[in-house]
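Trainee: Have a look at this prediction, sequence included:
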Amino acid sequence: MAEAQRGSFAPLRIPVFAVLWGATVLGNIGSFMRDVASGWLITDLSASPAAVAMIQTAATLPVFLFAIPAGVLSDILDRRRFLIFVQFILAGVSLALMALSSSGTLTVEYLIALTFVGGIGAALMGPTWQSIVPELVPREQLRNAVALNSLGINIARAVGPAVGGLILASFGAAVTYGADALSYVFVIVALFWWRRPKTEASELSESFFGAFRAGLRYARASRELHLVLLRAAVFFIFASAAWALLPLVARQMLGGTAGFYGVLMGAVGAGAILGALLLPKLRARLSADGLILMASLITALVLVALVFAPPQWMAAVLMLALGIGWITALTTLNGVAQAVLPNWVRGRGLAVYLMVFNGAMAAGSLAWGIVAQAIGLSSTLVAGAAGLAVAAVVFHRIRLPVGDADLQPSNHWPEPLLSQPVTHDRGPVMIQIAYRIRRKDRAAFVSAMQRLSAERRKDGAYAWGLQEHSSDDEHIVEWFLVESWAEHLRQHQRVSHADADLQSEALRYHQGLERPVVHHFLAL
């Protein structure tokens, strides 16, 4: 057990990872302090549930809008400089909130607008922080480093709201926002201290719009990712009721102060840490689908229990349960998304997942705020709980992917033959592969090729088809189009072992000793 713990915390013995990890924890604590101040302050500025819910919407909507561009930028810019730039934006938001709140000129409109700008900063930062981890630790420590990042977020979620609530209750919103601005100083200093090795420019480096299109093509063609996105959207749309309405529950139903609201938020973070510790045992007993069902039912029960306005100590216990359910769903869905994405598109694929997650949270928060204004807080909590429980049971039948395919590059495609050098921007490119398939094997071959077609599209093809020769129906040609010669060369690097297995399955039906003939055609 001690050996396992030393292994789990081994990345912290690497100075650059330890410094950046610690700075990130401090920065996240500051962010949660700011969120507590904003979530409570909006109830002072407006009693409207819709206005209160708009804070959650303003914080999460930017991730929905900018997640994919942020994922692309994290791949094509210097990540260290990009992160420093984003930290200055976030510090500026907190300084503006501090100035407005201290002068008494902060309005609902200013608060929502600045929360939106802070959300843009968070959207730009998220994929980039995830992307730098492999640069900080050896490959064999990567899983431990990712787990420590999750632990750091949950530590911040537990500490930040509690400390923010205490500062808010004792000194006011301006000091709370100032403490958040100070936390970014530590992050900026740590990033300036980090001497990131320069990366050599590659001839196949992607442009912003090319990388953007490649990421969208992959997301559009990946059925496995579609399943994860569907299950995530359903869960977070209903579960967002808890986050959108919690400030009103704490103030109106439970009669709490700003400090009590911070305690509730801290209890959610503590529950998330407890859930993270319990997850290994839960995974041994339940599948990913079982974990999502469990998390949904826990969250639904918490929403129903809050309707009865329990004592404040009981509400804190309920928040512990909410934290367990929340981290279970969040970690499970994120883990499955990671498992179905190859390395070359991982940042952009996770950006799509973050877009759906935050879009569902933003839309759900806004919707639950409007519903609460129309039918009341208690009825809305019951409606959210019922919707979440019913959706969990119905969508439990739509199974999440296992995510056990080998997505490492196979490099099994031979280099294309060239009569003369081809410029990388030339295109589009048509690739034709000629097969000989017996009539009796045609149906099985076509079925195998349909499965392979999804992989072709994910790896870079924007069109695909099968054609038979007019005078020889056993001569079948597979063709697909790629937007440029450089994109086709990248396709060679992206093809995975799982793709190779699908291709081998189709090749079983090819007749003859020679492999299928491959031709490349360039647009004139």
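Mentor: That came through, no problem.

Trainee: going forward, measure contacts and count neighbours with C-alpha atoms only.
Mentor: Will do.

Trainee: Would you state the helices of the stretch 151-300 of the chain in chain order?
Mentor: 173-193, 208-221, 223-248, 258-285, 288-307 (DSSP state H, counting those that start in this stretch).

Trainee: for the longest one, the distance to its chain's centre please.
Mentor: Centroid displacement of helix 258-285 relative to its chain, using CA atoms, centre = their mean, to the nearest Å, is 20 Å.

Trainee: buried residues in it?
Mentor: For helix 258-285, the neighbour count (16 or more other CA atoms under 10 Å) marks 258-276, 279, 282 as buried.

Trainee: hang on, the earlier thing: mind putting the helices of the stretch 151-300 of the chain into CSV with distance to residue 373 and mean pLDDT?
Mentor: Putting the helices of the stretch 151-300 of the chain into CSV (distance: least, CA to CA, whole Å; pLDDT from 0 to 100) gives the following:
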stretch, distance to residue 373, mean pLDDT
helix 173-193, 26, 92
helix 208-221, 37, 86
helix 223-248, 11, 91
helix 258-285, 21, 81
helix 288-307, 16, 94
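
Trainee: what's the closest of those helices to residue 346?
Mentor: helix 208-221 (9.1 Å; CA to CA).

Trainee: residues of that closest one that come out buried?
Mentor: 211-212, 214-219, 221.

Trainee: Residue 97: which of these is nearest?
Mentor: Using CA to CA, the buried residues of helix 208-221 come closest to residue 97 at residue 212, 33.7 Å.

Trainee: Leaving out sequence neighbours, find the closest residue to the closest one.
Mentor: Using CA to CA, 6 or more residues apart in numbering and skipping residues adjacent in sequence, the residue nearest residue 212 is residue 72, 6.1 Å away.

Trainee: go on, residue 391?
Mentor: residue 234 is the one closest to residue 391 (CA to CA, 6+ apart), at 7.1 Å.

Trainee: Now the phi/psi pair for residue 376, please.
Mentor: Dihedral pair for residue 376: phi 100, psi 160, per degrees, to the nearest 10.

Trainee: typo on my end, it should be residue 255
Mentor: Torsion angles, degrees, to the nearest 10, at residue 255: phi 60, psi 30.

Trainee: What is the burial count for it?
Mentor: 14 (other CA atoms under 10 Å).

Trainee: Please determine how far it is located from residue 314.
Mentor: 13 Å (CA to CA, to the nearest Å).

Trainee: Any stretches of the stretch 301-450 of the chain with poor pLDDT?
Mentor: Along the stretch 301-450 of the chain, no part satisfies pLDDT under 70.

Trainee: quick one: the helices in it?
Mentor: Assigned by DSSP H, counting those that start in this stretch, the helices in the stretch 301-450 of the chain fall at 312-339, 346-375, 377-395, 442-459.

Trainee: Dump those into CSV; add distance to residue 436 and mean neighbour count as well.
Mentor: Below are the helices of the stretch 301-450 of the chain laid out as CSV (distance: least, CA to CA, whole Å; neighbours: other CA atoms under 10 Å):
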stretch, distance to residue 436, mean neighbour count
helix 312-339, 35, 21
helix 346-375, 36, 24
helix 377-395, 43, 19
helix 442-459, 10, 19
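
Trainee: Could you save these as TSV and add columns showing distance to residue 96?
Mentor: Shown next, in TSV, are those (distance: least, CA to CA, whole Å):
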stretch	distance to residue 96
helix 312-339	31
helix 346-375	23
helix 377-395	32
helix 442-459	43
